[in-house]
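**Student:** coords below, sequence missing:
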Ligand SMILES: Nc1ncnc2c1ncn2[C@@H]1O[C@H](COP(=O)(O)OP(=O)(O)OP(=O)(O)O)[C@@H](O)[C@H]1O
Ligand SMILES: [Mg+2]
C-alpha cells in the first residue's frame, strides 16, 4: 500500500491506508540532548522511548523530548525552522532521519509509492527550499520507498477538494510556513510559500508583550478565539492582531501571483488546513479577509477540516490534512503505475507476435 508523509517544522506525520480507513502516525519534530548513564539508558529502553546515542550523549526524540524537557527543565531543540531543515542546528538531518524512520516504518513491498510534502518556492525570504526537499526525499528513498515530492498546498487540494474535481485553492498554515497552491483539475497554476506561520505569530506576540514564547503558544492553543473581545494589551488581543496581519499578507501575495497568470474561468473552492487553522473563529476571519482581497478568480466557498475535540485524535483534524493529501496522491500514482504495468504486460505478447 502507498503512504503519505508530511514533514513539518513542528510535526512529522505519516498517513497509511491499511485495511480500509486511513490511520496516522505522528511525532513532534524535536529532540532533547541528555547525558547518558546506565540508569537513564535502562529507563529509556524499558519505556520504548525513541533515542539515539553518540558517545556519552543521548538524544531523546519526538513526543518524548517534550516530556523529558519538563522533567529535567532542559531546552528542546528543533531540526527545522521556517518550514525547512534548520541551518542553525548541526544535528538536524540525523534527527529528522530517525523520526521519519519511526513514523514511516519499512515499506511493505518493494518500491512502495510514497508522496512527501515539500514547501513551494518562497516569495519573501531567500530560503533554501531545494536543499531541504532533496534531503527529505533522499531520506525516504533510503528506507526503500519510491518517493515523489508534492507541494504542501497541492496536498491540501488532494485531501479536501475531490468533490470539486481537485480545482481550488489549498492553503496550509503550519508552524514555520504558509503554503498556497491554486490548482485546476489537480494541476497547480500558482504555488508559493511564505516563511511565516504559527511560530511567527508566537514570536511577534512574545516580542510585543514581553512574555516567553512557549507561554504564548500555550495560550494560543488552549485559551484563544479569533473574533472574541479581548482587553487592549492582552496576549489574546495581540494574537488576533498577528493572525490578521498574517492572513492579509498571505492573501496579498496570492492576489499578486494570480494577477501574473491567466487563471481559467472556473469556480475555485478554498480549502484551509494546517495546525494554525485550528484556532476558533479562524474560518470567519479568513472569509472576511478573502472577501476584502478581491482575488481575480471566482471563489465558490471555504472548506476546512473539522477540529472538534481538542486533545483527541480525529482523522479530519486540519493537522492531518497534508499527510492525507500526500496519501491520496500516492494511491493515485500507485493505481496509474499498476495500470501502466498491466498494459505493458498485455502489449508485450502483441509486440512479440508481430516480430515473428
Ligand atoms: N488549537 C490550536 N490553535 C491555534 N494554533 C494551533 C492549535 N494547535 C496547534 N496550533 C499551531 O499549529 C502549528 C503546527 O501546525 P502543523 O503541524 O500544521 O505545522 P507543521 O506542518 O509542523 O509546520 P510547517 O508546515 O510550517 O513546516 C503550531 O504553530 C501550533 O502552535
Ligand atoms: Mg505543514
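**Tutor:** Noted; the coordinates are in hand. If you're wondering where the values come from, they're calculated on a predicted model, not measured in any experiment. Numbers count the residues shown, from 1 in each chain. Ligands and ions are numbered 1, 2, ... in the order given.

**Student:** which non-adjacent residue is nearest the residue of the stretch 101-250 of the chain found nearest ligand 2?
**Tutor:** Nearest residue of the stretch 101-250 of the chain to ligand 2: residue 174, at 3.2 Å (C-beta to the ion). Heads up, the C-betas are built off the backbone N, CA and C, glycines and all. Excluding the flanking residues, the one nearest residue 174 by C-beta to C-beta, 6 or more residues apart in numbering is residue 274, at 4.4 Å.

**Student:** contact partners for the one you found?
**Tutor:** By C-beta atoms under 8 Å, 6 or more residues apart in numbering, residue 274 lies in contact with 156, 171-174, 178, 197, 318-319, 321-322.

**Student:** sitting in strands, which of those residues do you find?
**Tutor:** 171-173, 178 (DSSP state E).

**Student:** compare those residues and tell me which has the most neighbours.
**Tutor:** The most neighbours of any of the ones in strands among the contacts of residue 274, using other C-beta atoms under 10 Å, belong to residue 172, which has 35 neighbours.

**Student:** what pairs with that one across the strands?
**Tutor:** residue 179, residue 273 (DSSP bridges).

**Student:** model confidence for it, exactly?
**Tutor:** Here the pLDDT value assigned to residue 172 is 98.

**Student:** show me which helix runs longest in the chain.
**Tutor:** helix 321-355 (DSSP state H).

**Student:** check which residues of it are buried.
**Tutor:** Across helix 321-355, burial judged by 16 or more other C-beta atoms under 10 Å covers 321-334.

**Student:** quickly find the element holding residue 131.
**Tutor:** Take DSSP states H and E as the rule and residue 131 turns out to sit in helix 129-142.

**Student:** strands paired with the following helix or strand past that helix, and their directions?
**Tutor:** Next along the chain after helix 129-142, taking DSSP H and E as the criterion, comes strand 146-151. Neighbouring strands of strand 146-151 in its sheet, by DSSP bridges, are strand 113-118 (parallel).

**Student:** got the angle between the partner strand and helix 321-355?
**Tutor:** Angle between the axes of strand 113-118 and helix 321-355 is 140 degrees (criterion: axes from the mean of the first three to the mean of the last three C-alpha atoms, to 10 degrees).

**Student:** helix 129-142 and strand 113-118, what's the angle between them?
**Tutor:** Using the same axes, to 10 degrees: strand 113-118 against helix 129-142 is 160 degrees.

**Student:** and the pLDDT for residue 21?
**Tutor:** The pLDDT attached to residue 21 in the predicted structure is 86.

**Student:** oops, could you answer that again for residue 355 instead?
**Tutor:** For residue 355, pLDDT reads 39.

**Student:** just the helices in this structure please.
**Tutor:** 38-46, 63-72, 92-104, 129-142, 152-160, 198-209, 213-222, 235-259, 282-293, 321-355.

**Student:** any idea which of the ones you listed is most buried?
**Tutor:** helix 152-160 (a mean of 29; mean count of other C-beta atoms under 10 Å).

**Student:** near ligand 2, which residues of the stretch 151-300 of the chain?
**Tutor:** residue 174 (C-beta under 5 Å from the ion).

**Student:** could you rerun that using 8 Å?
**Tutor:** Counting by C-beta under 8 Å from the ion, the stretch 151-300 of the chain comes close to ligand 2 at 152, 172, 174-177, 179, 197, 274-275.

**Student:** thinking residue 22 is in contact with residue 324, fair?
**Tutor:** Yes - with contact defined as C-beta atoms under 8 Å, residue 22 counts as touching residue 324 (6.1 Å).
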